[in-house]
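S.K.: fold the following for me, if possible:
(one chain, ligands or ions: 2)
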Amino acid sequence: MSWIDKLLPWRNRPATAAAQRPNEDKYVYRPAATPVSGGGVTECAAFPRFQTTAGDQLDPRTADRFALVRSKLRGAYTPAQPVTDRKMFAGRTKVMTALIRSIEDQRLHTVIYGERGIGKTSLLQVLAKAAQEARYLVVYVTCGARSEFDETFRAIAAHIPLMYHSAYGPTTIEGERGDTLASLLGSEPMTVSSASDALAKIEGTRVLVILDEYDRAGSEDFRRSIAELLKSLSDQAVRVQVLIAGVAANLTELVANVPSIQRNVFAMRIPKMTAAEIRSIVKNGENVSDLHFDEAAIHAIIARCMGFPYLASLISHRAALVAIDEGRLTVQSRDVAVATEEAVNEFRGRISRRSQLQIGTLVDEGKLGVLGALAGAAQSTGGWFTVEDITAVHGDPAAIAEAREAAERLAADQVLLEVGDDGFGRGFRFMEPTVPVYLWLLAARGQFFDHEQPDLQGEPA
Ligand SMILES: Nc1ncnc2c1ncn2[C@@H]1O[C@H](COP(=O)(O)OP(=O)(O)O)[C@@H](O)[C@H]1O
Ligand SMILES: [Mg+2]
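M.R.: Ligands and ions are numbered 1, 2, ... in the order given. Sure thing, here's the model as predicted:
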């Protein structure tokens, strides 16, 4: 299996993650043709059943009054998948405008960065669609730990038809046959210069190469080559622009080693969502389901999700299920409380017993705020973080100092944290990657009653 998880031009990307899998048939569960006899499955009215078929049809034998509501809810909040449908995409107007201007007016390469769950992939998906509507050829690559330049470049070239090559064009045999740039690359390993020469031949379109999860690429050589490629493409005014997304506290971690590149790149940190944007996530979900969130419930979600669309989506989805289970179509703030509690319990189950006990002790000592700040630092960098990355939510200097001191102490005692070097200097890391998310949820639960953020109606102007 290639290290590239997905490499598809945008137009070939179906809407759902399930539909994206190649050879979907391989994954379909097929019951044996003849049922196993003796002690096998017997019809039992009380036994739980799936209520919708895999083709999304409700099963009339089992569907209760709320089955349809549940089935609509599945598309309303999708915390485990990026949003691909513009109708479900909330807010982000300013960010989208800035990105489009940078690509279209300034012809810059673009880097977006921010915490996991802040909404980078969703943004890329919606932006890719908009670019395609403007007739850009969009190539979407999800980077992996073993991404290397040669393989990545060939995969990109395989999605650029020769009809856009200056020496071929749409009316040549190759152009009509649908041959791609990859067919011209030869067997020598690609270098930055051979790659940019190949791309320099493109005409009649603009290509937008999207590299998502760039931070996952482990190879220093890969990152350096991509950075040099950006520089070379800019210098030659090639009709190819690159849009990179990753979890990184700052740009230097993303495009290392090519200082002169900064001029050719527009970098943007994806901000946390405003209360109005979170509200519109909830509202978009309401619009495609039969559910209604009352005002108090919306306030509770806004207060708990801390500006993270991932948490807003997760908590909204869970809260809606709690309401449905109680036979209601109106979601209330107590459902949000129960939903957060459930999420906390679920994430607790994903971390080791040792970490659970250590966290329990620290929370009992009143250290939840400190742990929240450390979790925030880990989320903002995606792993290793330095003392500089630790900033308390409200920027209180005493709280920051306390958190920094705690990081040193925990790492020295090998409690939750370890200390090491990520290549950019000394830093800390949570030994278990799920721990920061869990701490985050604990902090969200803690926030509920103390900080009800002022809610703004509607989108900001
Ligand atoms: N603009 C948005 N509107 C609605 N939901 C969003 C939006 N952005 C993100 N989400 C939700 O948050 C979750 C995490 O978003 P994702 O784009 O995967 O973040 P990232 O790539 O930064 O980790 C998604 O599954 C989606 O449910
Ligand atoms: Mg992502």
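
S.K.: and the pLDDT at the spatially most central residue of the chain?
M.R.: Residue closest to the average C-alpha location in the chain (C-alpha atoms, centre = their mean): Thr121, at 4.4 Å. Model confidence at Thr121, expressed as pLDDT, equals 96.

S.K.: now do the one 10 residues further on
M.R.: With respect to pLDDT, Ala131 has a value of 95.

S.K.: now Ala155
M.R.: Note on Ala155: pLDDT of 95.

S.K.: tally of neighbours for it?
M.R.: Using other C-beta atoms under 10 Å, Ala155 is surrounded by 18 other residues. Where C-beta positions appear, they are placed from N, C-alpha and C, glycine not excepted.

S.K.: ok, Phe355 - contacts?
M.R.: Just to correct that, residue 355 is Ser rather than Phe. Contact criterion C-beta atoms under 8 Å, 6 or more residues apart in numbering gives Leu416, Met431, Glu432, Val435 as the residues in contact with Ser355.

S.K.: drop anything exposed from these.
M.R.: Members of the contacts of Ser355 that pass the buried threshold by neighbour count (16 or more other C-beta atoms under 10 Å) are listed as Leu416, Val435.

S.K.: closest one of the contacts of Ser355 to Glu402?
M.R.: The shortest distance between Glu402 and any of the contacts of Ser355, using C-beta to C-beta, involves Leu416 and amounts to 15.8 Å.

S.K.: that closest one reaches Val435, doesn't it?
M.R.: Yes: the pair formed by Leu416 and Val435 meets the contact definition of C-beta atoms under 8 Å, at 6.2 Å.

S.K.: shared neighbours, the two?
M.R.: Ser355, Ile359.

S.K.: show me the chain divided up by domain.
M.R.: 86-269, 275-348, 352-448 (automatic domain parsing).

S.K.: which of those is buried the deepest?
M.R.: For those, the largest average neighbour count (mean count of other C-beta atoms under 10 Å) is found in domain 275-348, namely a mean of 20.

S.K.: what's the first-to-last distance across it?
M.R.: Between the opening and closing residues of domain 275-348 we find a distance of 27 Å, counting by C-alpha to C-alpha, to the nearest Å.

S.K.: repeat that for stretch 206-216.
M.R.: Looking at stretch 206-216, the gap from its leading to its trailing residue is 27 Å under the measure C-alpha to C-alpha.

S.K.: residues in contact with it?
M.R.: Contacts of stretch 206-216 with the rest of the structure, by C-beta under 8 Å, 6+ apart, involve 103, 120-121, 124, 128, 131, 135-145, 147, 156, 160, 164, 199, 223, 226, 239-248, 253-254, 382.

S.K.: same question, stretch 181-196
M.R.: The contact list for stretch 181-196, computed with C-beta under 8 Å, 6+ apart, reads 149-150, 153-154, 157-158, 160-162, 165, 174, 198-199, 201-202, 225, 228-229, 232-233, 236, 238.

S.K.: ok, 6 Å please
M.R.: Contacts of stretch 181-196 with the rest of the structure, by C-beta atoms under 6 Å, 6 or more residues apart in numbering, involve Asp150, Phe153, Arg154, Ala157, Ala158, Ile160, Ala198, Ser225, Glu228, Leu229, Ser232, Leu233.

S.K.: the residues you listed into a markdown table, with extra columns for secondary structure and distance to ligand 2?
M.R.: Converted to a markdown table, the contacts of stretch 181-196 look like this (DSSP: H, G, I helix; E, B strand; the rest coil; distance: C-beta to the ion, whole Å):
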| residue | secondary structure | distance to ligand 2 |
| --- | --- | --- |
| Asp150 | helix | 25 |
| Phe153 | helix | 22 |
| Arg154 | helix | 24 |
| Ala157 | helix | 24 |
| Ala158 | coil | 23 |
| Ile160 | coil | 24 |
| Ala198 | helix | 28 |
| Ser225 | helix | 22 |
| Glu228 | helix | 25 |
| Leu229 | helix | 22 |
| Ser232 | helix | 27 |
| Leu233 | helix | 24 |
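
S.K.: where does the chain dip in pLDDT?
M.R.: Applying pLDDT under 70 to the chain picks out residues 1-46, 51-53, 56, 58-64, 248-259, 382, 392-395, 422-424, 446-461.

S.K.: one more time with 80
M.R.: When the per-residue scores of the chain are filtered using pLDDT under 80, the ranges that remain are 1-66, 169, 218, 247-263, 306, 379-384, 391-396, 421-425, 444-461.

S.K.: interface residues of it facing ligand 1?
M.R.: Selection of the chain residues close to ligand 1 by C-beta under 6 Å from any ligand atom yields 78-79, 81-83, 88-92, 116-122, 281, 309-310, 313.

S.K.: please enumerate the strands of the stretch 1-150 of the chain.
M.R.: Listed from the start of the chain, the stretch 1-150 of the chain has strands (DSSP state E, counting those that start in this stretch) covering 7-9, 109-113, 137-142.

S.K.: closest one to Met273 among those strands?
M.R.: Sorting the strands of the stretch 1-150 of the chain by C-beta to C-beta, the top spot, which is the nearest, belongs to strand 109-113 at 14.6 Å.

S.K.: the closest one near ligand 2 at all?
M.R.: No: contact check for strand 109-113 against ligand 2, using C-beta under 5 Å from the ion: none in range, with a minimum separation of 10.3 Å.

S.K.: who are the packing partners of that strand?
M.R.: Using 3 or more C-beta pairs under 6 Å, 6 or more residues apart in numbering; DSSP states H and E as the contact criterion, the secondary-structure elements in contact with strand 109-113 are strand 240-246, strand 265-269.

S.K.: for the first one, the distance to its chain's centre please.
M.R.: Meaning strand 240-246. Here strand 240-246 is found 15 Å from its chain centre; the criterion is C-alpha atoms, centre = their mean, to the nearest Å.

S.K.: neighbouring strands - and their directions - for that strand?
M.R.: In the sheet containing strand 240-246, its partner strands are strand 109-113 (parallel), strand 207-212 (parallel), by DSSP bridges.

S.K.: quick one, which of these is nearest to Gln57?
M.R.: The minimum distance between Gln57 and the strands paired with strand 240-246 falls on strand 207-212, with 33.1 Å, by C-beta to C-beta.
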